[in-house]
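A.B. asks: I'd like to go over a predicted model; first the sequence, then the structure.
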Amino acid sequence: MNAMLLPLPGRPEALPRPLKLAIGASVGLHVLALLWQHGALPDNREEILKPLQVVLHTATPLPAASPPPVAVEASPVQPPAPARRIVTEAPRPAPILTRPAAPAAPVIRAEPIPPAPTAAIAKVAPPPVEAVPVTPTAAPVTAIVRAEPTPAAPAHTDEPLDPALLERYGRSLSSALARQQQYPRIAAMRGWEGEVQLRITIARKGNIVATQVVHSSGFEVLDQNAVQLVTNAGPLPRPPETLQNREIQIIVPVHYKLEKPT
């Protein structure tokens with residue numbers, strides 16, 4: 001029997017040839033690397049490792065060729081046209097038209113028109129009214145009696161007035177008005193005081209017909225109150241007998257004075 005020899009692991013005979021070449025190349029490269037590091041190689045390594053410098057130069061662009069100039073034919077210069085002379089004529093005056101004056105219109109005089117004849121108006125007599133007999137009734141007839149005016153008492157206009165008598169009558173009127181006097185509330189609240197002099201006109205029968213303020217108190221409220229006092233007053237004393245039957249005017253003072261508390 002022929003025995004087959006198998007290659008043992010770990011021996012060189014057991015490796016294939018390509019693998020052996022690869023291992024040998026690897027060992028050689030490692031040896032070169034070690035020698036490179038320890039300076040075993042010559043100094044010309046700098047020349048081997050010197051990088052190649054490449055300089056790129058850009059070509060300068062050539063100027064673009066300009067197109068040839070186009071010949072322009074010069075047009076002949078024309079001489080300037082002769083200036084035209086403008087002749088302006090002076091304005092002609094407008095003719096003035098005059099109209100002949102119109103003849104004055106003839107004045108026509110109107111002839112008076114004769115008045116128309118008035119027709120005669122005949123007065124027609126009214127027809128006679130027949131009398132109707134009236135039968136008397138039994139109603140009593142009331143007789144209207146007109147009162148005859150009584151003779152007036154003789155007026156004492158010729159007699160002069162006694163100033164003392166007028167003064168006494170004026171004081172009596174002032175006292176009668178003072179008894180009916182009421183102080184205005186607004187004047188009392190504001191402390192207004194004063195004296196109002198009134199001219200009172202008394203008729204023949206003793207009636208007061210007019211009242212006028214102749215001297216103001218300085219407050220319109222007091223003046224109006226004095227006039228109303230005479231207008232709304234009750235019966236006033238009659239004038240004396242010698243002052244009756246005549247119209248008299250008398251000045252009557254009306255006093256407004258507040259009582260101050262003591």
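C.D. replies: That came through fine. Numbers count the residues shown, from 1 in each chain.
A.B. asks: quick one: contacts of stretch 186-198?
C.D. replies: Under the criterion C-beta atoms under 8 Å, 6 or more residues apart in numbering, residues 184, 211-219, 221-223, 225-227, 230, 251-258 lie in contact with stretch 186-198. Quick note: C-beta positions are derived from backbone N, CA and C, even for glycine.
A.B. asks: pLDDT of that stretch, averaged?
C.D. replies: For stretch 186-198, mean pLDDT is 94.
A.B. asks: just the CA trace of it, in CSV.
C.D. replies: Extracted in CSV, the C-alpha atoms of stretch 186-198 (Å, rounded to 0.1, in the frame of the first residue of the first chain):
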residue,chain,number,x,y,z
ILE,A,186,-87.3,140.4,52.1
ALA,A,187,-86.6,144.0,53.4
ALA,A,188,-86.8,142.8,57.0
MET,A,189,-84.5,139.9,56.3
ARG,A,190,-81.9,142.2,54.7
GLY,A,191,-82.4,145.0,57.2
TRP,A,192,-83.6,147.6,54.7
GLU,A,193,-85.0,150.8,56.2
GLY,A,194,-86.1,154.2,54.8
GLU,A,195,-88.8,156.8,54.3
VAL,A,196,-91.1,157.1,51.3
GLN,A,197,-92.9,160.3,50.6
LEU,A,198,-96.1,160.0,48.6
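A.B. asks: buried ones in that stretch, by neighbour count?
C.D. replies: Within stretch 186-198, the residues scored as buried using 16 or more other C-beta atoms under 10 Å are 187, 192, 194, 196, 198.
A.B. asks: that older thread, inside helices: which ones of the contacts of stretch 186-198?
C.D. replies: Among those, the members falling in helices (DSSP state H) are 221, 222, 223, 225, 226, 227, 230.
A.B. asks: I'd guessed the last one sits against residue 212; true?
C.D. replies: No. Distance between residue 230 and residue 212: 10.1 Å, which falls outside the contact criterion (C-beta atoms under 8 Å).
A.B. asks: of these two, which one has the most company?
C.D. replies: Using other C-beta atoms under 10 Å, the more surrounded residue of residue 230 and residue 212 is residue 230, with 18 against 11.
A.B. asks: tell me the contacts of the nearest residue to that one once chain neighbours are set aside?
C.D. replies: Counting by C-beta to C-beta, 6 or more residues apart in numbering, residue 211 is the residue found nearest to residue 230 once chain neighbours are left out, at 4.7 Å. Neighbouring residues of residue 211 by C-beta under 8 Å, 6+ apart: 198, 199, 200, 201, 227, 230, 231.
A.B. asks: around the residue nearest to residue 180 when sequence neighbours are not counted, how many other residues sit close by?
C.D. replies: Excluding the flanking residues, the one nearest residue 180 by C-beta to C-beta, 6+ apart is residue 233, at 5.6 Å. Per other C-beta under 10 Å, the neighbour tally for residue 233 reads 16.
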